[in-house]
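In: Build me a model from this:
(2 chains)
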Number of protein chains: 2
Amino acid sequence: MNLPADLGTPCALVDLDAVERNTLAMSERVARLGSRLRPHVKTHKTVEAAKLQVRGAFGGITVSTLAEARFFAQAGFRDITYAVPIAPARMREAIELGRSIDRLSLLVDSELALRALQICSAAQQVRTPVFLKVDCGNHRAGVDPTSLSARKLAAGLAASKHLDFRGVLAHAGHAYACRDRDEIARVAREEREVTVGFAKSLRAEGTRVDEVSIGSTPTLSVADDLTGITEVRPGNYVFFDAFQAAIGSCTLADAAFSVLTTVVGSYPDRHRLVVDAGALALSKDPGPRHVDADAGFGQLLSEPGELQAGLRLTALSQEHGHIEGGTGGDLSRFPVGTRLRVVANHSCLTAALFDRYLVVRGRELVGSWRPLRGW
Amino acid sequence: MNLPADLGTPCALVDLDAVERNTLAMSERVARLGSRLRPHVKTHKTVEAAKLQVRGAFGGITVSTLAEARFFAQAGFRDITYAVPIAPARMREAIELGRSIDRLSLLVDSELALRALQICSAAQQVRTPVFLKVDCGNHRAGVDPTSLSARKLAAGLAASKHLDFRGVLAHAGHAYACRDRDEIARVAREEREVTVGFAKSLRAEGTRVDEVSIGSTPTLSVADDLTGITEVRPGNYVFFDAFQAAIGSCTLADAAFSVLTTVVGSYPDRHRLVVDAGALALSKDPGPRHVDADAGFGQLLSEPGELQAGLRLTALSQEHGHIEGGTGGDLSRFPVGTRLRVVANHSCLTAALFDRYLVVRGRELVGSWRPLRGW
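Out: Predicted coordinates:
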């Protein structure tokens, strides 16, 4: 696409055709595998993209902040899972927000949080829907599903008259350490097996477990078996990004989010360019260095979208992006004023840096979306 | 400080006492060295902090985006230098904005930008104030001051009837690669000598050079000689950060910006905590890894401000900060709900993630500042 010449750069571009393809493909894939899609909206934080995500699904969504929960509740979404362990100081606010919709499910993974949530729920005279967060191999948040304390916590949640125990929830964040689709497939199997196995063991002890929820974009892009999984929560697939392409979740052509930038310094003798998209327009996510040590801060495309394989975005200062062309290339093709597009490493972090996204179909600007910010 | 218990975390805290100390110290330092301070406002992007920066100075400021130029012009700042080479497509907008104040100086470092700026200035019938950007050793943007083309470009700028050639401007970005104050002092000498030497050589050829402008927070925190330098442009010193402390620009006690966060996951058996400040609250700036390979994503403090040397912020996902405690420490001291403060690696990038900063003096919340966003 060649966009209007007077767009102020840097600016964020959303390729609506790609978003529609990506969201349709995930909906179909999850339906085919017999599970329900509760898409995560944290990557884009817009009502427009969320509506595309729930097309053909049951309508529930996943959020990463209470601010998102509020924003999407106000936009008409009535079944929301807040998929980060909640801070006790924000439980009251969450419970109040939950009253305004059908269900706002929260996460806990500690006795302390369980007790705090019981107290808040009792005080507000509600039964709060709650998931037990399970560690399925990522080893950061979540209970160890092989531990006695995990089974005790689940029993405590299920027994509480102030809590509505929904089930177990895991996230295979370690899928991002994979190097290819085969490795992702192994993590996806582990994510499913650990979570389903834990639910089974709880049921065997008499605990009712309605929901078994997993999900990451890498694992859901590769998984071929969701037996026993009631809900999945991928989010990044709406936009994808250079990282997902590098590990095999998608191809670079699937990337629906890019940053349009302008060459403001051209130094062919030094084999360098400077563009006006720096760390504040791209984020400093280091990207898929485990599969490509030279990944830099994203993939560079021409404005119409052809990969510029000879260019590397090697460094970012606040408002400068530093591009190296290698000694073989001729950078005089990129004089000051040339526009390029960057598919950044991590679209969730890059999109969050913009107050609006320009939405394009082919070469045509068809709208703009305003993402939510803050917590 | 122990702040109100109901603050929603993550939130951004500005220690007003520290900002006042930092801004006063820099004003005094620059005055003592006989130069003029044109502080950079890009770190905080607030009118309130900019007003503290220009106390005791002549009132000029430096900005990193045209959006900042507009914002600060509207707030009454009338002498602004936009210290990034300007994209040709935005010259017209910049010139129009410049008409509304006393002076908006722009940067060029190429014949192409010079010609474009002449054409725009002629069309709008103004003489545009312009600096020649010089590479003083950073080897990214700027002309090579030893080159014939640099002297030709300066002569072209000075000869143009549509341009008001202000002088030469450099930025020692490579000071951030230093490991201690001695190394910074060497870069500071180089920054001064290269830039002053280039101005002298231009003057020797008959070119009038009024301004010789340099500046970075590391070099200005260490430099003991500004002979020949008419203006300096440090910015980060308002807040400082964990990076500046690690290389010796300041101490950690000088850091005026921090993020208040809450422990949402506590796993003493795994020697791990999870806090609710992730990449969207802290930025993924890798920090001073060249001086501290284990730097992580910032320094952790208790809520009242004591350094928690046993805790490392080792990884960030979108809304989770992952803390490791080492096998020796006892993390049961940090149950779910505990609040911690993070002095992030790079305050410029972290501050930009927030829509407001909570301003505190000691334990008291005394106001809130709203930073500008966008380009």
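In: What are the contacting residues of stretch A:62-78?
Out: Residues outside stretch A:62-78 that contact it (Cβ atoms under 8 Å, 6 or more residues apart in numbering or on different chains): A:38-42, A:45, A:47, A:50, A:54, A:59-61, A:80-84, A:86, A:90, A:93-94, A:97, A:100-104, A:215, A:233, A:235, A:372-375, B:8, B:318-319. Glycine gets a C-beta too; all of them are placed from N, C-alpha and C.
In: Now the buried members of the residues you listed.
Out: Among the contacts of stretch A:62-78, those classed as buried by 16 or more other Cβ atoms under 10 Å in any protein chain shown are A:38-42, A:45, A:47, A:50, A:54, A:60-61, A:80-84, A:86, A:90, A:93-94, A:97, A:101, A:104, A:215, A:233, A:235, A:372-375, B:8, B:318-319.
In: If you count residues, where's the longest helix of chain A?
Out: helix A:181-204 (DSSP state H).
In: any idea what A:V359 is structurally, helix, strand or coil?
Out: When classified by DSSP: H, G, I helix; E, B strand; the rest coil, A:V359 comes out as strand.
In: per-residue confidence at it?
Out: pLDDT recorded at A:V359 is 98.
In: now do A:G137
Out: Confidence score, pLDDT, at A:G137: 88.
In: Chain B contacts on the stretch 51-200 of chain A?
Out: When proximity is defined as Cβ under 8 Å from any Cβ of the partner chain, the stretch 51-200 of chain A approaches chain B at A:64-66, A:84-90, A:93, A:109-110, A:112-113, A:116, A:139-142, A:173.
In: Give me the buried subset of those residues.
Out: For these, buried by 16+ other Cβ under 10 Å: A:64-66, A:84-90, A:93, A:109-110, A:113, A:116, A:140-142, A:173.
In: what residues are up against A:C136?
Out: A:142, A:145, A:170-172, A:190-191, A:194-195, A:214.
In: 10 Å instead?
Out: A:142, A:145, A:168-174, A:187, A:190-195, A:197-198, A:214, A:219 (Cβ atoms under 10 Å, 6 or more residues apart in numbering or on different chains).
In: go on, A:V360?
Out: Applying Cβ under 10 Å, 6+ apart to A:V360 gives the contacts A:1, A:3, A:13-18, A:258, A:260, A:366-367.
In: Return the members of those classed as buried.
Out: So, by 16+ other Cβ under 10 Å, the buried ones in the contacts of A:V360 are A:3, A:13-16, A:18, A:258, A:260.
In: got JSON lines for those residues, with secondary structure too?
Out: Shown next, in JSON lines, are the buried ones among the contacts of A:V360 (three-state DSSP):
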{"residue": "A:L3", "secondary structure": "coil"}
{"residue": "A:L13", "secondary structure": "strand"}
{"residue": "A:V14", "secondary structure": "strand"}
{"residue": "A:D15", "secondary structure": "strand"}
{"residue": "A:L16", "secondary structure": "helix"}
{"residue": "A:A18", "secondary structure": "helix"}
{"residue": "A:S258", "secondary structure": "strand"}
{"residue": "A:L260", "secondary structure": "strand"}
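In: so which one among the residues you listed has the lowest pLDDT?
Out: Lowest pLDDT among those: A:L3, 82.
In: Quick check: that one touching A:R363?
Out: Yes - contact criterion Cβ atoms under 10 Å: A:L3 and A:R363 qualify, at 6.8 Å.
In: between the two, what contacts are shared?
Out: A:303-304.
In: any idea of the mean pLDDT in the helix or strand containing A:A49?
Out: Using DSSP states H and E, A:A49 falls within helix A:47-54. Rounded to a whole number, the mean pLDDT of helix A:47-54 is 98.
In: residues near the closest residue to A:V134 other than its chain neighbours, how many?
Out: Nearest residue to A:V134, sequence neighbours excluded (Cβ to Cβ, 6 or more residues apart in numbering or on different chains): A:A170, at 4.5 Å. The local packing of A:A170 (other Cβ atoms under 10 Å in any protein chain shown) involves 31 other residues.
In: State the mean pLDDT of whatever helix or strand A:R92 lives in.
Out: Assigned by DSSP H and E, A:R92 falls within helix A:91-99. Averaged across helix A:91-99, the pLDDT comes to 98.
In: so after it, what's the next helix or strand?
Out: Toward the C-terminus from helix A:91-99 - assigned by DSSP H and E - lies strand A:103-108.
In: Tell me the strands beside that next one, with direction?
Out: strand A:79-85 (parallel), strand A:128-134 (parallel) (DSSP bridges).
In: Now the next helix or strand after it: average pLDDT?
Out: Following strand A:103-108 in sequence order, the next helix or strand is helix A:111-123 (DSSP H and E). The average pLDDT for helix A:111-123 rounds to 97.
In: now do stretch A:206-219
Out: Stretch A:206-219 comes out at a mean pLDDT of 97.
In: Determine how far the last residue of that stretch lies from the first.
Out: Distance between the two ends of stretch A:206-219: 30 Å, counting by Cα to Cα, to the nearest Å.
In: And that stretch, what's buried?
Out: Within stretch A:206-219, the residues that qualify as buried are A:207, A:209, A:211-219, counting by 16+ other Cβ under 10 Å.
In: touching chain B at all, that stretch?
Out: No - residues of stretch A:206-219 contacting chain B under Cβ under 10 Å from any Cβ of the partner chain: none, with a closest distance of 10.7 Å.
In: Break down the stretch 151-300 of chain A into its strands, ranges please.
Out: For the stretch 151-300 of chain A, applying DSSP state E, counting those that start in this stretch gives strands covering A:163-170, A:211-214, A:231-232, A:257-267, A:272-275, A:298-302.
In: This completes my enquiry, with thanks.
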